[in-house]
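In: I would like to see how this sequence folds:
(one chain, ligands or ions: 1)
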Amino acid sequence: MGEFPRKCCARLSNPLYESDPRLAYVIGDGVTFTAVDSADVDTRAIIGEGTSIWHLAQVREGAILGTNCVIGRGAYIGPGVTMGDNVKVQNYALLYEPAVVESGVFIGPAVVLTNDTYPRAVNPDGTLKSSHDWNPVGVTILQGASIGARAVCVAPVTVGRWAMIAAGSVVTRDVPDFALVAGVPAQRIGWVGRAGVQLESVGDERWVCPQTASVFTEASGVLSEETS
Ligand SMILES: CC(C)(COP(=O)(O)OP(=O)(O)OC[C@H]1O[C@@H](n2cnc3c(N)ncnc32)[C@H](O)[C@@H]1OP(=O)(O)O)[C@@H](O)C(=O)NCCC(=O)NCCS
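Out: Purely as a prediction, here's the structure:
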């Protein structure tokens, strides 16, 4: 996808503390991000410039967070989860690996991105399952999409660019770009533009955003943004 952070990220291996009461970590190569003292950020995670990680959030080993992300209270970012820039993860959202979250994505409070299609605590012989006994599958959320509060995305699904998932939805199928989906299981109930509000039909398979005036064309269930 080519948009994940590289140069302007740093590891927490040798953090220096600023006097900022929020306990910003200042990294040797000049990268600064904020992690409050109660946040649990693994030293093997890579965090982008300007990112904030709030109380009781956990960022696991190998996770890669882009620049200017906000990780809310109690959120969980699993091992190796990758995140682009300007992502907002609201309180108590759970992003299980190997989730991939592109830039500009909004993850609402208490959202769950699952990673195990057929979860079991134990094997058929009753022994405790270990990480070798199952294959994690991930949720992918493309640029600018929003996942409403307490929604569950059941892996493996891809949520398209700028799509909007209504609060409380259970997403079991891929969601097209710009789709507004709701319910259990989530079904498309409309289209949204980049501003997040529903598009209005102007006939002839064309849609317009009442907020930005952007125009979209629908063809075979796919919505494309017209370029001016
Ligand atoms: C989905 C959503 C964007 C729709 O907003 P909207 O475009 O203003 O649409 P409306 O409120 O007019 O609702 C349109 C229809 O969808 C239904 N609907 C709205 N939200 C729904 C939801 N979460 N689940 C199921 N159906 C929903 C409405 O009942 C309505 O149905 P009807 O046409 O049969 O009456 C909004 O309700 C929503 O869920 N936003 C996410 C909020 C959120 O989680 N924020 C996170 C930060 S707190």
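In: for residue 32, give its distance to the ligand.
Out: When Cβ to the nearest ligand atom, to the nearest Å is applied, the distance between residue 32 and the ligand equals 27 Å. (C-beta placed from N, C-alpha, C; glycine too.)
In: again with residue 143
Out: Residue 143 is 18 Å from the ligand, by Cβ to the nearest ligand atom.
In: what parts of the chain come near the ligand?
Out: The chain has residues 108-109, 148-149, 164, 166-168, 182-183, 189, 198 near the ligand, with proximity defined as Cβ under 6 Å from any ligand atom.
In: narrow these to just the buried residues.
Out: 108-109, 148-149, 164, 166, 168, 182, 198 (16 or more other Cβ atoms under 10 Å).
In: give me the pLDDT for the nearest residue to residue 158 once chain neighbours are set aside.
Out: Distance criterion Cβ to Cβ, 6 or more residues apart in numbering; nearest residue to residue 158, sequence neighbours excluded, is residue 140 at 4.4 Å. Per-residue confidence (pLDDT) for residue 140: 98.
In: and the residue nearest to the spatial centre of the chain, what does it touch?
Out: In the chain, the residue lying closest to the centroid (Cα atoms, centre = their mean) is residue 101, at 4.2 Å. Contact analysis of residue 101 by Cβ atoms under 8 Å, 6 or more residues apart in numbering lists 81-84, 87, 95, 107, 140-141.
In: ok so, going back, ok, the residues of the chain next to the ligand vs residue 208, which is closest?
Out: residue 198 (10.7 Å; Cβ to Cβ).
In: surely the closest one touches residue 190?
Out: Yes. Using Cβ atoms under 8 Å, residue 198 is in contact with residue 190, at 4.7 Å.
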